[in-house]
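**Q** I need the structure of the sequence given here:
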Amino acid sequence: GTTCKKTLDANSSVGSHFCTCARLFRRVGPPTRLSWRDPMSIHHFLVIRWIRLGVRTCPGISGVAIIRISGSESSKVIKSLTGKEIPVPRMATLRKINNINTSELIDEGIILWFPGPESYTGEDMAEIQVHGSKAVIDAIHDNISSIANCRLAEPGEFTKLAFQNGKINLLKAESIADLISSETEIQRQQAIKIMNGKSADQFNFLREKLLKILSHVEATIDFPDEDLPNDILKEIKKSSDEVLINIKKILDDQKVGERIREGFKIAILGPTNAGKSSLLNHLSNRDVAIVSEIAGTTRDVIETHLNIDGYPVIVSDTAGIRESKNEIEKKGIKLSLNRAEEADLKLIVVDAKNIDFTGVLKDLLDQNAILVINKSDLLKGDINPEIKKLNHVLISIKENLNIDELILKIKKNLKNKFLTSDDILITRERHRQHLKQCLEHLKNFNKKNEVEDFDKAAEDLRLATRHLGMIVGKVDVEEILGSIFNDFCIGK
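**A** Got it, this is the predicted structure:
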């Protein structure tokens with residue numbers, strides 16, 4: 001075969017990003033043109049691992065399909081398909097791919113060989129790039145399926161193998177999933193920061209400090225009659241306090257990391273017929289919600305995902321809040337109030353001709369709310385001076401008046417909430433819960449250490465160390481692996 005002159009990095013895997021392309025393809029529909037440079041054309045994603053065989057395909061055709069193979073006998077699959085020896089490691093090589101039984105030509109494509117442990121999974125690994133027709137994919141799939149001991153890979157199994165083989169830690173595995181799912185620049189940046197290992201380094205540093213403290217405590221337990229350093233108890237107290245302060249600082253992050261990963265939540269609330277659904281449609285630049293003059297049209301919560309100046313935003317249109325005897329509408333109103341509690345920002349939309357703040361609406365107007373007075377084009381006089389004291393904006397969706405001012409207010413609120421620094425280390429609720437548990441055990445440790453109950457204090461310290469270790473995967477974390485790697489697409 002013909003060998004390309006471009007040598008790939010030892011740990012690179014050219015197919016690692018194609019599943020993202022597959023997801024994008026499903027969202028936007030088939031491409032209008034097919035070419036190597038058009039990522040939307042790379043939508044078939046077949047993954048095969050020795051003993052594990054996986055397939056990912058999307059409807060339609062594509063310019064290129066990627067087949068990935070990982071396992072101790074991956075070379076056997078390549079030799080069987082090509083009838084030749086495996087190519088030079090990390091060198092793109094043109095080969096004919098044949099039917100294993102009849103030697104009939106299936107397609108001609110690029111073979112890449114990554115011998116373990118210098119591969120993404122840490123095992124012997126290969127990638128095959130072929131034309132992305134369904135017929136080609138099915139033919140290669142059927143041929144590899146006929147080889148003994150092949151089975152479908154599970155979602156995220158390649159990354160799970162990378163973790164289990166010590167190629168990456170648990171935080172990096174999660175950040176890979178976040179990078180694949182990222183839709184805005186700030187999400188991409190956060191995923192890259194975690195991938196670079198700064199978070200893992202910080203958590204490992206704190207864990208090492210706790211292990212050192214534990215060694216001092218156990219020395220006190222095991223050798224009570226020995227001449228240990230006089231200041232050992234002071235050193236234990238000082239070190240544990242330092243770790244405790246660091247963890248408190250990490251937890252006091254206003255949940256910015258989770259907001260970036262999951263999206264900033266905006267809830268549109270208010271009475272019926274105030275223009276909530278119209279506002280959602282206007283912000284989305286499309287008809288997301290049904291707009292009607294009939295009060296109570298919206299019964300359920302309607303969501304749309306937006307990118308506002310690079311910030312991921314989830315905007316929810318909710319049922320109009322009013323007294324109602326209709327059971328379905330009452331359930332919708334309850335959902336509205338629940339969404340208000342979860343929201344990072346509330347847009348309270350009211351009719352300029354009927355500004356009423358009695359009851360629930362008045363309670364919703366807090367520091368995380370903007371009063372949106374709609375239908376201002378129908379307003380003949382000035383608004384109440386008391387209303388002017390509130391954080392408000394006068395708009396008319398129908399006449400497109402002052403919408404820009406509202407968007408500026410939203411952007412300002414976003415930027416204040418998304419104030420980031422290099423100290424942001426938590427991106428998932430899992431991290432936060434482990435840190436809270438670690439903090440609790442450290443507090444218990446300090447109490448028991450002060451009364452020199454070292455046996456019980458040591459156990460609290462072990463538990464605190466364990467919770468820190470579970471964040472980066474330093475201890476047995478099999479029970480949480482499924483939930484992490486199931487979020488991946490097959491082939492990654």
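**Q** gap between residue 370 and residue 394?
**A** Using Cβ to Cβ, to the nearest Å, one gets 12 Å for the distance from residue 370 to residue 394. Backbone N, C-alpha and C define where each C-beta goes, glycine included.
**Q** And residue 378, by the same measure?
**A** 11 Å.
**Q** Neighbour count: those two, which is higher?
**A** Between residue 378 and residue 394, counting by other Cβ atoms under 10 Å, residue 394 is the more crowded of the two (20 against 12).
**Q** Identify the residues contacting that one.
**A** By Cβ atoms under 8 Å, 6 or more residues apart in numbering, the contact set of residue 394 is 352, 373, 376, 379, 383, 401, 402.
**Q** Need phi/psi at it.
**A** In terms of degrees, to the nearest 10, the main-chain angles of residue 394 are phi -90, psi 120.
**Q** Who's the closest spatial neighbour of it, skipping the chain neighbours?
**A** The spatially closest residue to residue 394, leaving aside those adjacent along the chain, is residue 376, at 4.2 Å (Cβ to Cβ, 6 or more residues apart in numbering).
**Q** ditto for residue 178
**A** That would be residue 191: by Cβ to Cβ, 6+ apart, it lies 4.1 Å from residue 178.
**Q** Could you measure from that neighbour over to residue 427?
**A** Taking Cβ to Cβ, one finds residue 191 at 8 Å from residue 427.
**Q** shared neighbours of those two, anything?
**A** 175, 178.
**Q** which one of the two has more residues nearby?
**A** Between residue 191 and residue 427, residue 427 has the larger neighbour count (other Cβ under 10 Å), namely 26 against 23.
**Q** so that one sits in a helix?
**A** No - applying DSSP: H, G, I helix; E, B strand; the rest coil, one finds residue 427 to be coil, outside a helix.
**Q** tell me the pLDDT at it?
**A** Note for residue 427: predicted pLDDT of 92.
**Q** Spit out the contact partners of it.
**A** Counting by Cβ under 8 Å, 6+ apart, residue 427 makes contact with 174, 175, 178, 190, 194, 199, 257, 258, 260, 261.
**Q** Swap in 10 Å and give it another go.
**A** The neighbours of residue 427, taking Cβ atoms under 10 Å, 6 or more residues apart in numbering as the test, are 171, 174-175, 178, 187, 190-191, 193-194, 199, 255-262.
**Q** I'd like the distance between residue 238 and residue 458.
**A** Distance of residue 238 to residue 458, computed by Cβ to Cβ: 18 Å.
**Q** Between these two, which has more neighbouring residues?
**A** residue 458 (19 against 11).
**Q** Name the nearest residue to the more buried one, ignoring sequence neighbours.
**A** Among residues not flanking residue 458 along the chain, residue 217 sits closest, at 4.9 Å (Cβ to Cβ, 6+ apart).
**Q** And the strands in the stretch 51-200 of the chain, which stretches?
**A** 52-56, 62-70, 91-98, 105-114, 125-132, 151-152 (DSSP state E, counting those that start in this stretch).
**Q** Show me what the longest one pairs with in its sheet, parallel or antiparallel.
**A** Taking DSSP bridges as the criterion, strand 105-114 sits next to strand 91-98 (antiparallel), strand 125-132 (antiparallel) in its sheet.
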